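[1] sequence and predicted structure below; questions after.
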Amino acid sequence: MQEEEITIETNDGLLDCRLFINKNKNTPSIIFYMDAPAIREELRIMCRRLCKNGYNVVLPNLFYRVGTEGNYPFNQGSYKTQKKELKKMITTMNNTTNSMITKDTKFILDYIENNFPNNKNIGIVGYCMSGRFVVTCGAIYPEKISAIASFYGVDIFTNKSDSPHLLADKIKGELYLAFAEKDIWVPNKVLEKIKISFSNTYNKVTVETYKGTNHGFAFPSRHSYIEKAAEKHWENLILLFERNLKSLN
């Protein structure tokens, strides 16, 4: 495996990304969409695991418009204990719109097409704030994106005009939506709306609740981390990509 830092020019500036390149470069590609705490070693470790399973992985800094790792508008080391830093992080998250990320994704997809020979079927995965991004991107780029996974994704169903659930019928790839059993960011009434909405409009979708979990259960650094649930998340994620990326190439 090889790692390298790259920048991709977008309409809004230079998007910094970390690439994780499999020793066999002719493997499918995955875009890994970060959660609100942003780029950190924990995410790079997860990307390495995906890479070792036979993929090239792109980890973009979705907050590049306002900062980079260690230089975001909020303190990555203290948002868990200081309310003012948590508020700043949530503001940064809310200011990052679906439109921004779908436009960025177009440039990332172009980079994959121009730099990796196996580029017909691409997978995407997002956590927390990026649940809304991956569902939206799966709908906007249905010919490129063959597998979409979201774990405890927020704002997938909202009352806004850009709510991702409104685009469900445009998705062509397989969609896997996983949620925590208890999640203040995705309360049960919203989860039920998601289940009904996606089940009624799209037949290649699985909506699953991980029993006994809270938001963030797949991240080892979180107090909510549950190893058994995290490993189940890995198993389901890898199987999703195996079915839709490797078998189709």
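    Received it, and whenever you're ready, just let me know what you need. Only a predicted model underlies this, so the values are computations on that prediction, with no experimental measurement involved.
[2] contacts, neighbours, all on C-alpha from now
    Noted.
[3] for this protein, longest helix please?
    helix 98-115 (DSSP state H).
[4] quick one, helices of this structure?
    Applying DSSP H to the chain gives helices spanning 41-52, 83-95, 98-115, 131-140, 188-201, 227-241.
[5] which of the ones you listed comes out lowest on mean pLDDT?
    Among the helices of the chain, helix 188-201 has the lowest mean pLDDT, at a mean of 90.
[6] packing partners for it?
    strand 205-214 (3 or more CA pairs under 8 Å, 6 or more residues apart in numbering; DSSP states H and E).
[7] the helices of the chain: which one's closest to Phe157?
    helix 188-201 (6.1 Å; CA to CA).
[8] relative to strand 205-214, how tilted is the closest one?
    160 degrees (axes from the mean of the first three to the mean of the last three CA atoms, to 10 degrees).
[9] how about residues contacting helix 188-201?
    156-157, 165, 168-169, 205, 207 (CA atoms under 8 Å, 6 or more residues apart in numbering).
[10] stretch 8-20 now?
    For stretch 8-20, contacts defined as CA under 8 Å, 6+ apart pick out 1-7, 47-48, 51, 56-62, 64-65, 104, 107-108, 111.
[11] so who does the closest residue to Gly212 other than its chain neighbours touch?
    Distance criterion CA to CA, 6 or more residues apart in numbering; nearest residue to Gly212, sequence neighbours excluded, is Glu181 at 6.0 Å. For Glu181, the contacting residues are 209-214, by CA under 8 Å, 6+ apart.
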